[in-house]
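*Asks:* Next come a sequence and a model predicted from it.
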Amino acid sequence: MAGTTLTSLAAANAQCVSTFGAGWEMAEHHDGGGGWAFRAYGNINDLYDISVASHDPNNRFWVHINDQPGSCWDP
């Protein structure tokens, strides 16, 4: 999904619920270990490198950050 469709945290959370079901919400940069040590359940590549065949660009995901502008909906 294009980041431009995520116009606010509420819209992003609503998309998560619509796609995955009740209880799901947008990941936050500091979740799961915090900052650049982000961890999540699932098969997420540690380092994304388009030149590596096993690094599928479809495995990327959006997160928001709660303490500075850096989310899709920030100006």
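*Replies:* Received it, and whenever you're ready, just let me know what you need. Numbers count the residues shown, from 1 in each chain.

*Asks:* Can you identify each of the helices in this protein by residue range?
*Replies:* Using DSSP state H, the helices of the chain run over 9-20.

*Asks:* What about the spatially closest residue to residue 16 that is not a sequence neighbour, how many residues nearby?
*Replies:* Leaving aside its sequence neighbours, residue 16 sits nearest to residue 24 (Cβ to Cβ, 6 or more residues apart in numbering; 4.1 Å). No exception for glycine: its C-beta is placed from N, CA and C like everyone else's. Residue 24 has 13 neighbours, counted by other Cβ atoms under 10 Å.

*Asks:* repeat for the one 4 residues further on
*Replies:* Neighbour count of residue 28, defined by other Cβ under 10 Å: 16.

*Asks:* average pLDDT across stretch 22-29?
*Replies:* Regarding stretch 22-29, the rounded mean pLDDT is 88.

*Asks:* Apart from its chain neighbours, what residue comes closest to residue 65?
*Replies:* Closest to residue 65 by Cβ to Cβ, 6+ apart is residue 29, at 4.0 Å.

*Asks:* The one you found reaches residue 64, doesn't it?
*Replies:* Yes. In this structure residue 29 lies within contact range of residue 64 using Cβ atoms under 8 Å: 7.0 Å.

*Asks:* Give me the common contacts of these two.
*Replies:* In terms of Cβ atoms under 8 Å, 6 or more residues apart in numbering, residue 29 and residue 64 are both contacted by the residues residue 70.

*Asks:* In terms of neighbours, single out the busier of these two.
*Replies:* residue 64 (20 against 17).

*Asks:* if I pick residue 13, what's in contact with it?
*Replies:* Taking Cβ under 8 Å, 6+ apart, one finds 24-26 in contact with residue 13.
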